[in-house]
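Participant: fold the following for me, if possible:
(chains A and B)
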Number of protein chains: 2
Amino acid sequence: MSGERQRVVIVGAGLAGSALAAMLGRRGVPVDVYERRADPAEIAARGGARSINLGISERGMRVLRDLGLAGTLAGRMVPMRGRAVHQSGGRLTFHPYGTHDHEILHSILRHDLNEALMDLARSHDSVRFVFHSRLSSLDLEAPKAAFVDERTGEPTVVAADVVIGADGVNSAVRREMQRGTQANFRKEFLEWGYREFAIPAPAHGEHARLEAFHVWPAANAMVVAQPNRDRSMTGTVFLPLTGEDSFATLTQPDRIVAFFDQYFPDLRSLVPDLVAQFAAKPVGHLVSVRTSPWSHADRTVLIGDACHAVYPFYGQGMNAALEDCVALDECLTEHPADLGTAFRAYEQRRRPHTDVLADLSIQQFAELRDGLRSPLFRARRQADLLLHRLFPAAWQPLYTLVSHTTTPYADALRQARRQDRLLTVAASAVAVTVAGALARGALRELGGRR
Amino acid sequence: MSGERQRVVIVGAGLAGSALAAMLGRRGVPVDVYERRADPAEIAARGGARSINLGISERGMRVLRDLGLAGTLAGRMVPMRGRAVHQSGGRLTFHPYGTHDHEILHSILRHDLNEALMDLARSHDSVRFVFHSRLSSLDLEAPKAAFVDERTGEPTVVAADVVIGADGVNSAVRREMQRGTQANFRKEFLEWGYREFAIPAPAHGEHARLEAFHVWPAANAMVVAQPNRDRSMTGTVFLPLTGEDSFATLTQPDRIVAFFDQYFPDLRSLVPDLVAQFAAKPVGHLVSVRTSPWSHADRTVLIGDACHAVYPFYGQGMNAALEDCVALDECLTEHPADLGTAFRAYEQRRRPHTDVLADLSIQQFAELRDGLRSPLFRARRQADLLLHRLFPAAWQPLYTLVSHTTTPYADALRQARRQDRLLTVAASAVAVTVAGALARGALRELGGRR
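Facilitator: Next up is the predicted model:
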């Protein structure tokens, strides 16, 4: 993007939109960010319907360091050094994420991260935020976009050479861009939903193993929680949408009480008003979106959830969105005079990896649900961690590659598959050696008898 | 559906809509079929933008026999007994579809099949067709549906207890049914498109191997053709949408001539006006749609392309749509008092199979494009056919199971996978035996030397 001339409009002032605005602003590109909601600084109630704390992994940390925000945000994050698994008997076991100090995640409130990115973007003179503005239509041929004021209903048409869709899973930019075109589109809902609840800070001291990602596994339900700076935690109940013990059936207080008493008895003592919170909150749906192409000519391009929303079980959605911003910024720098080429290069660089992330996020759900209880899975994971401890550079479990490195997702998957094959070959070699030894023994015995 | 009370509206008078109307009419159910286009009997121009001849396989034949239409239609069909492959040197090779006389396909004009199904439906007093009517909205809570007259623009609201969407890949019923719901939806476009052309009947005699499905394979293009009753054939050119030698680049007559001369020289002599036809026709796009759920409560349900449009390379789209009609009719008969249950039972019975068909149709594209030229693929296919000839009941190649039996698609895939494993095991056993023999020989030799 060549300095002064192009008028860039970003739709959506969430994490991806604000981060990209900060990157473009740093290069002096004039950017207007249009956001449907109010300025978050004005909003007293934090969070809203969306997940209210997030886990930043190494991918996100690298972007934040590059933006110079790591220091600013350090005081707002809580390290999560591993998984704290709350067994049904009440026992708490701790499983470190990795074998090294840097192999950790960072819990942060979505609001805090968004505010920091927005403040950074606003610190550049060329960046401007406009709130309460919903994209109503996009003219793909003319350099303009139409918005509606969410308070007054008043329409405005703004000049926009380039429109960047950072407007999330239900992206209006994507809808306008793909209207009447041959776009591939895939939207899937998980048969499970979620509900958030607050776990208050204890009166004295802190929760056991506060600096961890907490998991309560159960047969057909799952609770997770992340720590906050004020020693409280934010919990999420994942449950099937329908069937026995589901969001559809757990509607009466007595059934809710019975459910938690049976599967998560310790939660009831940690959260005195658990039943009231559970009954009051709306059910969140889990959506996965994949699409292509991500751009139209030199006019429009998508980033973050707008082009690849994933299930949250790998905790990578936000991290991948921040990586998108870096990749798009790089491609724009590499092809300053040809935005269409820049947009296509960006998609080529990113989509193979976000497609893999989508698959991994689905698999991770199955593993979290069934695997934490499966001896086979645990044995495989322990072999992985042991090998990682012995050969930290050469052997990295898939989870480590995804969560604690910046290896692109598809490359991570390839490396993990190579390791899987090695492990199988090694196991076969052991089996053959043992069989050979047994056979030699048997032959010796036969020889002895003769 | 319990006789008189329920007012059933079918949206779409294509193959699926007409076939289902005939089945419901046979049971005396009152059915109104609303169709966006004119009565096909009025339309002089046959076919239109859609594929104008189809291949009926055993699945479709069974449905037609059950409807009593096999005899009526016999005079309108041309048997296709195998693949006639036009090699680039001009040589024609013939590969029978199967080893038995009934393992053939039947080429028919879409118009003829549709007309026969429509006439049959109309022969029942309880069935009525309304043309020129486009569904504009569907009230999922009230028993009514709104249509617009395509000629006058006039709206009408009709009574409809049940609305059945038989309105194809861009189904308006599906759109209305899924609005604002958590529906899974997946729409994919192939990077190839197609264009149809007519191959005239020769002045004398008939085309070589007329009773066959004709294929002209090429490196990055494919032509197929099906015979018609008047000794003409209907051809289809499949090409990439973009890139070298694509629909995007083949726009000027001289380039089109050069393209056919290079890859399909014999087509130019078979079709004198090939270049004019090629330049005049619109490019068709190849769309795959999967979705779920297929129904809403006891109110709306989808059949055919509306719920599972597949790429055409297995030639099963229409056959699967006719099977849908049978399955839905059966489920409605089994649960006459509970339509919601009937609809869900129908989806449970069909979707696992149409999901497999979608996958197979994608794979078949890759096989047709690359496989006809791959020695490995040809060897595998010949082993399959040989085993089928030796053990006709026990060993049926996947293609045979899909095209020449009524084995549900997912069951067909399972059986083929079992056979694949057997073939691998058998090949390994042969390898081990050979290795063993060699080793024994080597040992004898060693013994001889000692």
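Participant: where does pLDDT dip in the stretch 1-150 of chain A?
Facilitator: Regions of the stretch 1-150 of chain A meeting the criterion pLDDT under 70 cover residues A:1-5, A:44-51.
Participant: what are the boundaries of the helices in it?
Facilitator: Along the stretch 1-150 of chain A, counting by DSSP state H, counting those that start in this stretch, helices occupy A:15-26, A:58-66, A:70-74, A:110-122.
Participant: among these, which is the most enclosed?
Facilitator: Highest mean neighbour count among the helices of the stretch 1-150 of chain A (mean count of other C-beta atoms under 10 Å in any protein chain shown): helix A:15-26, with a mean of 27. No exception for glycine: its C-beta is placed from N, CA and C like everyone else's.
Participant: if residue A:186 is in a bridge, with which residues?
Facilitator: When bridges are called by DSSP bridges, residue A:186 pairs up with residue A:290, residue B:186.
Participant: got the phi/psi numbers for residue A:39?
Facilitator: phi -60, psi 120 (degrees, to the nearest 10).
Participant: kindly apply the preceding question to residue A:245 instead.
Facilitator: Note on residue A:245: backbone dihedrals following degrees, to the nearest 10 are phi 50, psi 60.
Participant: mind listing what's buried in stretch A:280-290?
Facilitator: A:284, A:286, A:287, A:288, A:289, A:290 (16 or more other C-beta atoms under 10 Å in any protein chain shown).
Participant: with distance to residue B:212 added, can I get these in CSV?
Facilitator: CSV is the format used below for the buried residues of stretch A:280-290 (distance: C-beta to C-beta, whole Å):
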residue, distance to residue B:212
A:284, 56
A:286, 50
A:287, 47
A:288, 44
A:289, 44
A:290, 40
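Participant: could you say which helix or strand holds residue A:173?
Facilitator: helix A:172-178 (DSSP states H and E).
Participant: what residues does that helix touch?
Facilitator: Contacts to helix A:172-178, defined as C-beta atoms under 8 Å, 6 or more residues apart in numbering or on different chains, come from residues A:11, A:134-138, A:140, A:163-165, A:167, A:183, A:185, A:291, A:295-296, A:300, A:302, A:306-307.
Participant: are any of those residues buried, and which?
Facilitator: Buried members of those, counted by 16+ other C-beta under 10 Å: A:11, A:134-135, A:138, A:163-165, A:167, A:183, A:185, A:291, A:295-296, A:300, A:302, A:306-307.
Participant: residue contacts, the closest residue to chain B within the stretch 251-400 of chain A?
Facilitator: The minimum distance from the stretch 251-400 of chain A to chain B, using C-beta to the nearest C-beta, falls at residue A:285 (5.4 Å). Residue A:285 makes contact with A:189, A:190, A:193, A:241, B:182 under the criterion C-beta under 8 Å, 6+ apart.
Participant: ok, then the element right after the helix or strand containing it?
Facilitator: Using DSSP H and E, residue A:285 maps to strand A:284-292. Next along the chain after strand A:284-292, taking DSSP H and E as the criterion, comes strand A:295-296.
Participant: returning to what we had before: make JSON lines from the buried residues of stretch A:280-290 and add distance to residue A:89 and pLDDT to it.
Facilitator: Shown next, in JSON lines, are the buried residues of stretch A:280-290 (distance: C-beta to C-beta, whole Å; pLDDT from 0 to 100):
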{"residue": "A:284", "distance to residue A:89": "29", "pLDDT": "92"}
{"residue": "A:286", "distance to residue A:89": "29", "pLDDT": "94"}
{"residue": "A:287", "distance to residue A:89": "35", "pLDDT": "95"}
{"residue": "A:288", "distance to residue A:89": "34", "pLDDT": "95"}
{"residue": "A:289", "distance to residue A:89": "40", "pLDDT": "96"}
{"residue": "A:290", "distance to residue A:89": "41", "pLDDT": "96"}
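Participant: filter the contacts of helix A:172-178 by proximity to chain B?
Facilitator: Counting by C-beta under 8 Å from any C-beta of the partner chain, the subset of those that neighbours chain B consists of A:183, A:185.
Participant: may I have the phi/psi pair for the nearest residue to residue A:232 once chain neighbours are set aside?
Facilitator: Nearest residue to residue A:232 in three dimensions, chain neighbours excluded: residue A:201, at 4.6 Å (C-beta to C-beta, 6 or more residues apart in numbering or on different chains). Residue A:201 adopts backbone torsions of phi -70, psi 140, taken as degrees, to the nearest 10.
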